[in-house]
Structure formats: structure tokens, C-alpha cells
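Student: output the structure for:
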Amino acid sequence: MIKINRLYSEPEIFTPISFDFGVNIIMGEKSEKTNKKIGVGKSVCIEFINFCLLKRKSDSRLNLIPKKNADIIESQIKLDFDFNNKKVVVSRSISNPEKVSIQIDDENIYFEKLDDASDYLGNLYFQDYPAKTRRLSFRNLLQPIIRDERSEFKDLIKCFDTNKSVPPDYSPHLFFLNVGLEKYKEIKNVNETLKKKRAFYSETKKLVTNNSEIKIQDAKAHLNELESEVEKVNKAIENLKTNESFELIQEDLVKLEAKLADLRTRQQAIKYEIKQIDSFPKPESINENEIQIIFNQFKSGLGNLVEKSLEDLKEFKNKIDGFRSSIVNDRLTSLKNELSELNSIVRKLDEEYSEKISLIDNGEVLKDLKTSIRVFNEKNRELNNLRSLIQKYDESERDKKKLEADKAVLISDLEEELYKNEKALKSFKESILNIHEKIMGNREAHFEIKTTKNQSVVDFIMRTDDDGSHSTERMKVFIYDIALLLNEYTRTNHPGFLIHDNIFEDDDSIEKSLNFLFEYNNKTPNEFQYIVTLNSDLIESASRNGKLLFKVDDLKRAAFTKDDRFLGIKYNETK
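Tutor: Down below sits the predicted model:
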């Protein structure tokens, strides 16, 4: 059990606050000047308690205090509490939150890392438990019993800032109920592994099916065809290699392939050049009469400068045309002759190549050695890739199904454990009904734990009278938390204290809730500790009407106003 005694600081930055068993109220009161009570430091006071109970600075509103407030940042925040019959003082500073000093009775222990300090207090908490007990971390243990106002008290399990996406954690609740924690942890581990396996399975399926363009069955059918094709080509190549003539013929085949490749390249070049020549324009034919008319015109204009006769001109033109035709025609003839010779050589070499191949192959598979090897390599690469993907797909599917089967067994075991612990669960349900009757005036409530197949593993189902409204949801959380704190079964594992920051929204719920706790503490003193922050206006009407069974001042441990804030200063939280 943990009982908080005193919150203070060195050097002092706020007035020390002492706490006792039973109900402890931290009040926000109206200021005479402003008539307002919000934003006076109640929540920051709770954050200091939480900080000394090893909450991470990054998760705390203390992280938002401006650094210019050096006295607050540097001061050692201290919390004095009883822990398993030991006197403990935890000391931390906002400026250096990883360093923790823990004084146990008269011994001081210093930690350079927050996690080490948390492990130490966790071990201290569980020191009297059997070794086989499933243990929680110290902070995990405290999650449901220090509820931040930013959780808005919307959910039994989700007790964090609603702006943070923190998955629900049922482990401390199951620990307090002393049921199913081991199986819950096992299923959570299976869920994590299963999540990864399912992701791998889905990704592999996408690759095998080409993003669902084909079916798995079609991909496997294609694998069979590829195996057949590769086997045929491989068999033919192996036959070549094992044939007695292979070594003798192999060198000739390679030489012939190289020579044929060169000759076919030359064939293509000649064909291209012939095509170019064929595209040349033909010599233009000019009528002799036209030549004569033009010649006479030039001759009359040039006089004695032109001495050649028309016949000379004709002869000259014929020579030019003949020369041109001679060059083109001779080249074309030469190219065609060369192409004809090449075609003849290639045919003979093809015949020779075919004869050599026929000596070692029936001709059904192999066209030529190089092509066969290239085809084999390509098909074999495709085959290996597809075979590997399908193998991974099949393995991931088997693993996924096995994990799903294991999970189903574990869920069945968890359901059996819940059934075997029916007595404790029935007692807890009865506590909820009793508290509901005291506060809500009837027993129209319900609580049960069910297993689920989703990531949460279990579901805590609680119904109260007039379910659904904002204030009723808050009362649902209050009743559940108080039942965990006080029930004869759950209080065995419970730390014994509970902190609610601004849970109440109306004076009626405050009156009935605090009266219930006050009466309970009077009947069984020193059994629990409840710390709650309130705004004074919510409790004033109940106090004036005499509905409260106690004097507010007797339970008030601290009161803050706009003029007298918790830290003595006004500041805006950094973002």
C-alpha cells in the first residue's frame, strides 16, 4: 500500500501540502478581486505528485512551464509517502528529470536514469509477491489511479490526455482484479507478432498476384508451366554437354555462330546501301529540239565566245550522263554480287551449323547454343523469383493461421480463467452495484468482462443509470475506480490511493460521492486515501444546505485562488 504524506520542494517554491487517509480536497476558490477560481494551480499540484511518482516529463504539463521560471525549473520537487511500511521520499527536478533521488528510511539511493528508479520502486512494490507473479512496471501500475483532467473521464481504461493516441492497456486493471493478466500479456504478444505476420502476408500476396491483377491459383499454375519450360531447356543443354560429340563440336559451333553473326551484319549493311542507291533520282531526259533552241539563244547572245557546235554539246551531255550512270550502276552491280555471294556463304554455314547441331540435338528445343542458354537463364531467373515469392506466401499463410489458432486457444483459456474467478468478479460487480445505489439511488447498473478478437483482447462493459450523458460517464468512472479501491478482492493488489483531477461537474454528484467516502472512512479508517481537486462553487451549495456529512475545511488540504496560486505566479504554458 502507498499512502502519500507530504508534497514539498527545496528550495521552497510552493507551500508544503500534507495529506491523510480518507478524503483529501485540493480546492480552487474564488478570489475577492476576480471572482474566478480556474487556472490557479490545482492540476499542476497533481502533476507534481505524479512527477515524483516518476511520470515522464515529456508526458507532463510540467514540461510546459516556461524555462524563464528558473526557480521552479531548478527546485527539487519532493514527495514523502509510506510504501510497504517503509518511509520513502522521492526527489526530482524539472531541469534534470532523469536524475532521481530515493530515500528509503535513512538510506539515500541515486539514479541517473528514470527507468532504473522505476524498476527499483517496481521491485519494492512486488517484493512480497510470489516470484511467478506477472509484474507490471511501477508507472504501469499507477496509470488508472491518477486520472488527469485532460482524460475527460470518458473511459474506464483510457485514462490519458484525449489528444494523445495511447492504446488502451488493461494490464493494471486485470492485475487489481487478480484475473487473466498472464493470458492477457500472452495474447497481446501474439497480437503483435500476428500483426507483423499479416502485414508480411499481405505484402507477399501483392507481389505474387501483381497487385491483385491475377489470382494466387493462376500464379501457381504459371509456376508449374515455368518449371516445365526450364526443365525442357535445361535438359536439352545438359544433353548437349553430356553428348560425346559435344566437346569436339562445341568450338566449331561457337566459331560458326560468331562468323554467321558477322556475315549477317554485313548482309544488313549491303542491303541498306542498295536501298540508298535505288532511291537516287534518275538522269533527266531532255528533248533535242529544246537543246537546240537554248543553244541558239546562247550563241546569238555570246557571239564569238561560243565556238562549239550543237553536236559537241550533245556529246558532252552524253558523256556526263554516261559517267554518272557508270559509277552508280557499277557500284550497284558490285553490291548485288557481293550480297549474292554472302547469301550463298550464309546458307552453306547455316547448313553446316544445322548439321553439327543435329549430331547432338533433335532440333525440337535448341535453335542455337547461345540463344538456348540465354532463354534458360531468363526463364530460370523468373522461375526462382516466382518460386521464392510463392514459398514465402505459403509460409506466411501457415504462420498466420498457426498464430490465429494459438490466439484462439489463449482466448479460450482466458475465458476459462474468467469463469473460474467468478467469485471475485461477482464480488466486484456487487461493489459497483452498492456504490451505484449509494450515489445514484438505484442498482440499475451492470459490469462484465468479455474477451474480444481485436487488439484490445478484453472489453470492460459497464452500464449505469441514465447512461450516455457527460456527467454520467464521469460518475461511471468514479464508481469503477472507487470499487477497485475498496473491494475486498481488488484492494489486495491496489496501491490503496486514488487521485481524481476535476472529475466532478455538479454539486449533487459531489455531495453523494464524498459523503459515501467520508462514511466509509469513518467505519473502516486508514484503509484508503482519496485525493481530489474541486472548484469551491460546486460544493458550496451542498455545504450551505447541510447535505454534507463533513466540514469542507476539515478535508481541505490546500486552497488556491487567482491571488494566491499554487506556484505563486501566473504563466502561460509553452506549446
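
Student: give me the contact list for stretch 120-136.
Tutor: 54, 83-84, 86, 102, 104, 109, 111, 137-138, 141, 171-172, 175, 181-182, 185, 495 (CB atoms under 8 Å, 6 or more residues apart in numbering). C-beta: built from backbone N, CA, C; applies to glycine.

Student: mind giving me the PyMOL select for those residues, buried ones only?
Tutor: In PyMOL syntax, the buried subset of these is picked out as below (16 or more other CB atoms under 10 Å):
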select buried, resi 54+83+102+111+137+138+141+171+172+175+181+182+495
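
Student: mind checking which of the contacts of stretch 120-136 are in helices?
Tutor: Phe138, Leu141, Ser171, Pro172, Phe175, Leu181, Glu182, Lys185 (DSSP state H).

Student: wait, which of those is closest to Asp481?
Tutor: Distance to Asp481 across the ones in helices among the contacts of stretch 120-136 (CB to CB) is lowest for Pro172, with 11.8 Å.

Student: surely that closest one touches Ile146?
Tutor: No - the pair formed by Pro172 and Ile146 falls short of the contact definition of CB atoms under 8 Å, at 11.3 Å.

Student: and the protein, what are its domains?
Tutor: 2-179+421-560, 216-384 (automatic domain parsing).

Student: distance between the helix or strand harbouring Ser43 and the chain's centre?
Tutor: Using DSSP states H and E, Ser43 sits within helix 42-52. Counting by CA atoms, centre = their mean, to the nearest Å, helix 42-52 is centred 32 Å from the centre of its parent chain.

Student: immediately after that helix, which helix or strand?
Tutor: Next element after helix 42-52 (DSSP H and E): helix 70-74.

Student: for that following helix, what is the average pLDDT?
Tutor: The pLDDT scores in helix 70-74 average 92.

Student: same deal with stretch 157-165?
Tutor: For stretch 157-165, the mean pLDDT works out to 80.

Student: now do it: distance from first to last residue.
Tutor: Distance across stretch 157-165, first residue to last, is 13 Å (CA to CA, to the nearest Å).

Student: who touches it?
Tutor: 143-144, 146-148, 150-152, 154, 166, 168-170, 173, 460.

Student: ok, 6 Å please
Tutor: Gln143, Pro144, Arg147, Arg150, Ser151, Glu152, Val166, Pro168 (CB atoms under 6 Å, 6 or more residues apart in numbering).

Student: can you tell me the closest non-neighbouring residue to the fourth one?
Tutor: When the adjacent residues along the chain are set aside, Arg150 lies closest to Asp161, with 4.1 Å between them (CB to CB, 6 or more residues apart in numbering).

Student: tell me the phi and psi of that neighbour?
Tutor: Backbone dihedrals for Asp161, given as degrees, to the nearest 10, come out at phi -50, psi 130.

Student: Asp148 versus that one, what's the distance?
Tutor: As defined by CB to CB, to the nearest Å, Asp161 lies at a distance of 6 Å from Asp148.

Student: try Leu425
Tutor: Using CB to CB, Leu425 is found at 28 Å from Asp148.

Student: more neighbours: which of those two?
Tutor: Shown here are Leu425 and Asp148; by other CB atoms under 10 Å, Asp148 has more neighbours (23 against 19).

Student: quick one, grab the pLDDT at that one.
Tutor: We have a pLDDT of 87 for Asp148.

Student: same thing with Leu514?
Tutor: According to the prediction, Leu514 has pLDDT 94.

Student: and what of Gln276?
Tutor: 76.

Student: that one belongs to a helix?
Tutor: Yes - judged by DSSP: H, G, I helix; E, B strand; the rest coil, Gln276 forms part of a helix.

Student: list the contacts of it.
Tutor: Counted by CB under 6 Å, 6+ apart, Gln276 has zero contacts.

Student: if we can go back for a sec, what count of nearby residues applies to the residue nearest to Arg150?
Tutor: 15.

Student: returning to what we had before: the domains of the chain: which one's closest to Glu415?
Tutor: So among those, domain 2-179+421-560 is nearest, using CB to CB, at 5.3 Å.

Student: quick one: end-to-end distance for the closest one.
Tutor: Terminal residues of domain 2-179+421-560 lie 26 Å apart, using CA to CA.

Student: could you do stretch 203-215 as well?
Tutor: With CA to CA, one end of stretch 203-215 sits 14 Å from the other.

Student: cool, and stretch 92-100?
Tutor: 5 Å.

Student: contacts for that stretch?
Tutor: Residues contacting stretch 92-100 (CB under 6 Å, 6+ apart): Lys57, Leu62, Ile73, Glu74, Gln76, Ile77, Phe111, Lys113, Leu114, Ala117.
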